[in-house]
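1. Build me a model from this:
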Amino acid sequence: MMRSWMMQSFLLVREFVAQNNTGQIKHVIQILSQEFALSQHPHSRKGGLIGLAACSIALGKDSGLYLKELIEPVLTCFNDADSRLRYYACEALYNIVKVARGSVLPHFNVLFNGLSKLAADPDPNVKSGSELLDRLLKDIVTESSKFDLVAFVPLLRERIYSNNQYARQFIISWILVLECVPDINLLDYLPEILDGLFQILGDNSREIRKMCETVLVEFLKEIKKNPSSVKFAEMANILVIHCQASDDLIQLTAMTWMREFIQLAGRVMLPYSSGILTAVLPCLSYDDRKKSIKEVANVCNQTLMKLIMPEDDGDNIRQFMLQQLDGTADESFSNRKNSSDQSNTSQDLNTSNHIGESVTIDHSQEALDLDGIVLVLDRHLHDTVTGMMTRIAVLKWLYHLYIKTPRKMFRHTDSLFPMLLKTLSDESDEVILKDLEVLAEIASCPAGQTEGQDSCESNSTQNSQSELNIPISASTPLNSCRPRTLECSPSTPTMNSYFFKFMINLLKQFNNEKRLLEIRGPFIIRQLCLLLNAENIFHSMAEILLREEDLKFASTMVQTLNSILLTSTELFQLRNQLKDLRTTESCNLFCGLYRSWCHNPVATVSLCFLTQNYKHAYDLIQKFGDLEVTIDFLTEVDKLVQLIECPIFTYLRLQLLDVENNPYLIKALYGLLMLLPQSKAFQLLSHRLQCVPNPELMRTTPSEKPTAPNRQVPLEINYSELLQHFEKVQNKHLEIRHQRAGRNDQLDRKPPRDTETTYCV
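-> Model prediction:
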């Protein structure tokens, strides 16, 4: 019966075609559509579908004139509840498309929309029929040059977000086909579908994930071949989002794309740096389970960092630094910045990618989002769960930005400074090292110069200086109010206003975190001496400690600094400078250190030993009889005796051979011996002094007279005033200890008022 019905429809339409009777043809198609294909009765719908397919076959090449009337009722049947009718509709449409071929392309979107629904059909027969129709339509699109990609992309963008596995598979298969057609440039519309592709990449089906991965690999190959036609900027944020995905495959793929984008597009990616860093930095702390992602993220991070250039600072940084040293930078800065900004926005930059293809890039699109980058870096520093490698990368970024864009970075220094100081308490030595590099760069960069110094600090410094009558030289550090530079001597590097601020806050942090001082204090100070200048470090810290109100902390800090000064290889040059005191600068340094070293009597004596001021050391030890001798005091003396036996004081031990010219050295050592109880240190020093030769035996001839000492006493140093200063400082320490002891005694003797208030706090 169906064959008969199909044959009747075929013959009838064939006759009208021969007569060129378009009106009757349309009338037949309308009857088949309205009265049969769209009928309420299933058998009528089935007959209508067969009839429409027969009409299409009868029309042959002329079917293209009636495609809308033929296709629409068939597509309506795709939604029929009866699976058999859906199958007949699929079969009918197959015949219609097979006859019309390329003529169906203007109706491609409606056909694609209908097929995407059938791809997810639960009936296997319907799905099988839809696959045949799908293959036919793909063949037509592949062999035709009239496919309207512009009209199709909006539908593809909509359908690509389907959650149905079969619909996703259908979408991916079509993208693969379109990507292989030479005349279709799907790359131009990749920003429209890239997000959806990454969504599909996270599908539960392994087959679909593999298909999607293949599509993305092909797109990436095409991007590498034709980077000049790629809309990198439009896809950057899409990649940023998926680089943070919880799915490993999505994250690795997105990170791989990001790596290629940064390498191919270069500075075009700079405006998206903050987002890229948000995605990349956490990956740097991944363990071996995500090693691949970590390695790709590391390349992204390093490549992005290399894109930052001095030109991102706004103008010629070299010219600025030279003007800064002359003191002329401030006047020209605002004028040069305005002119530079105007020129940058209108300038085009021709760059070359790594495959040699020239890419013209609008320079205005390369603006560095420095504020966003700093915000991201600061957030990672504040985050307590940030991994060690991420923290190191953050600090490397900050250091790099201060090197490349110092002027812009110093606008953020006040907000970054507290967290950088806090990072010194990190558990990782490597993190602390990188943190110190950043702080050292901040403290020494010429871009950090400010007008004048704090008047209160300068006044108090000058007052302290006048008390000891220390000679002033043009290079005396931190003792004069200069508008731009703080120099310790002509040979030391220039420090900016943040240097002294850094020293103050570092000592404050040591005071607040005693464990930090105990465990990491020497390590931090030694590294700073390498990164900056040892003389600057010690002179500034000594000056700050001179005004320290917490005398106990001052004494502890002086003890730490003294130990570093005497034992660290990093301080070899500074020790040599202090050893001879032959220059005005070295005398000023000795006086500056001495004033603060007075907080710790034993450290003061060791400083005198280091500087070969043996007479003054003897005078100091004579004063020890007036001091309160405690266990801690004797322990420090014990350590000093041990230190005298170390290589650093080899010259001192050799000077014991010249008894007649070094009498105060021997007296000072005997003074230390008299302070010590009968202990190992006592035995050690006693044995050393027993080795001191008889001066009479050391003379080569009986008439030989004692030679004059090789080293003259520096005239710039007033030792009597230094001794008075020592007594003054120690009296303050004694007074504070007595006050503290008095308060403790009062608390011990204070009886409780009654039983109700005994336990009240």
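2. quick one, strands of the chain?
-> 348-352, 358-362 (DSSP state E).
3. what's the distance between the nearest residue to residue 506 once chain neighbours are set aside and residue 502?
-> Sequence neighbours aside, residue 421 is the residue nearest to residue 506 in space, at 6.9 Å (criterion: Cβ to Cβ, 6 or more residues apart in numbering). All C-beta atoms are positioned from the backbone trio N, CA, C, and that covers glycine. Distance of residue 421 to residue 502, given as Cβ to Cβ, to the nearest Å: 8 Å.
4. Looking at these two, which one has more neighbours?
-> The residue with more neighbours, out of residue 421 and residue 502, is residue 502; 24 against 16, by other Cβ atoms under 10 Å.
5. packing partners for the helix ranked longest in the chain?
-> Criterion DSSP state H: the longest helix present in the chain is helix 719-749. Here helix 719-749 touches helix 455-468, helix 551-567, helix 584-597, helix 601-610, helix 614-623, going by 3 or more Cβ pairs under 8 Å, 6 or more residues apart in numbering; DSSP states H and E.
6. mind running it again at 7 Å?
-> helix 455-468, helix 551-567, helix 614-623 (3 or more Cβ pairs under 7 Å, 6 or more residues apart in numbering; DSSP states H and E).
7. From the centroid of this structure, which residue is nearest?
-> The structure's the chain has its C-alpha centroid closest to residue 394; by Cα atoms, centre = their mean the separation is 2.0 Å.
8. by how many degrees do the longest helix of the chain and helix 584-597 diverge?
-> 20 degrees (axes from the mean of the first three to the mean of the last three Cα atoms, to 10 degrees).
9. and the gap between residue 94 and residue 231?
-> Distance from residue 94 to residue 231, by Cβ to Cβ: 38 Å.
10. who's more crowded, these two?
-> residue 94 (20 against 15).
11. which residues does the nearest residue to that one once chain neighbours are set aside contact?
-> Distances taken as Cβ to Cβ, 6+ apart place residue 133 nearest to residue 94, at 4.7 Å, with adjacent residues excluded. Taking Cβ atoms under 7 Å, 6 or more residues apart in numbering, we find residue 133 in contact with 90, 93, 94, 97, 115.
12. count of residues packed around residue 674?
-> Residue 674: 11 surrounding residues under other Cβ under 10 Å.
13. contacting residues for the residue nearest to residue 655 when sequence neighbours are not counted?
-> Closest residue to residue 655 apart from its sequence neighbours, by Cβ to Cβ, 6+ apart: residue 662 at 4.9 Å. Contact analysis of residue 662 by Cβ under 7 Å, 6+ apart lists 614, 655, 656.
14. burial measure for the second one, as a count.
-> So the one you mean is residue 655. Counted with other Cβ under 10 Å, residue 655 comes out at 19.
15. rewinding a little: okay, the residue nearest to residue 506 and residue 500: tell me how far apart.
-> In terms of Cβ to Cβ, residue 421 sits 14 Å off from residue 500.
16. before we move on, what about residue 570?
-> Separation of residue 570 from residue 500 (Cβ to Cβ) stands at 21 Å.
17. the more surrounded of these two?
-> residue 500 (21 against 14).
18. I figured that one hits residue 540, correct?
-> Yes: the pair residue 500 and residue 540 qualifies as a contact (Cβ atoms under 7 Å) at a distance of 5.9 Å.
19. give the contact list for residue 242.
-> Applying Cβ under 7 Å, 6+ apart, we find residue 242 in contact with 198, 250, 254.
20. Filter those residues down to the ones in helices?
-> Short answer: the contacts of residue 242 in helices (DSSP H) are 198, 250, 254.
21. Compare the residues you listed and tell me which has the most neighbours.
-> Of these, residue 254 is surrounded by the most neighbours, 26 neighbours in total, counting by other Cβ under 10 Å.
22. if I look at that residue, how far off is residue 291?
-> For residue 254, the distance to residue 291 - Cβ to Cβ - is 17 Å.
23. next one: residue 612
-> When distance is defined by Cβ to Cβ, residue 612 is 58 Å away from residue 291.
24. Now stretch 114-123 - C-alpha only, PDB.
-> The C-alpha atoms that make up stretch 114-123 are tabulated as PDB, following Å, rounded to 0.1, in the frame of the first residue of the first chain:
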ATOM      1  CA  GLY A 114      16.700  18.900  13.600                       C
ATOM      2  CA  LEU A 115      19.600  16.400  13.300                       C
ATOM      3  CA  SER A 116      21.100  17.600  16.600                       C
ATOM      4  CA  LYS A 117      17.800  16.500  18.300                       C
ATOM      5  CA  LEU A 118      17.800  13.100  16.500                       C
ATOM      6  CA  ALA A 119      21.400  12.500  17.500                       C
ATOM      7  CA  ALA A 120      20.200  12.200  21.100                       C
ATOM      8  CA  ASP A 121      17.100  10.100  20.200                       C
ATOM      9  CA  PRO A 122      16.600   7.100  22.600                       C
ATOM     10  CA  ASP A 123      15.500   4.800  19.700                       C
END
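25. So for that stretch, mean pLDDT?
-> In this model, stretch 114-123 has a mean pLDDT of 89.
26. What lies in contact with that stretch?
-> Taking Cβ under 7 Å, 6+ apart as the rule, stretch 114-123 contacts 75, 78, 83, 86, 90, 126-127, 130, 133-134, 159, 164, 166-167, 170.
27. Just give me the closest of these to residue 632.
-> Closest to residue 632 out of the contacts of stretch 114-123 is residue 164 (78.0 Å), distances taken as Cβ to Cβ.
28. Next up, the contacts around the closest one.
-> Applying Cβ under 7 Å, 6+ apart, we find residue 164 in contact with residue 120.
29. can you tell me which of the strands of the chain the model trusts least?
-> strand 348-352 (a mean of 37).
30. looking at it, residue 93 is touching residue 74, isn't it?
-> Yes: at 4.8 Å, residue 93 and residue 74 qualify as touching, with contact defined as Cβ under 7 Å.
31. Comparing those two, which residue is more hemmed in?
-> residue 93 (30 against 27).
32. Report the separation between that one and residue 374.
-> The spacing between residue 93 and residue 374, counted by Cβ to Cβ, is 59 Å.
33. next one: residue 23
-> 75 Å.
34. Specify which residue of these two has the higher count of neighbours.
-> The residue with more neighbours, out of residue 23 and residue 374, is residue 374; 21 against 8, by other Cβ under 10 Å.
35. count of neighbours near the closest residue to residue 68 other than its chain neighbours?
-> Spatial nearest neighbour of residue 68, chain neighbours left out: residue 107 (6.9 Å); criterion: Cβ to Cβ, 6+ apart. Neighbour count for residue 107, taken as other Cβ under 10 Å: 18.
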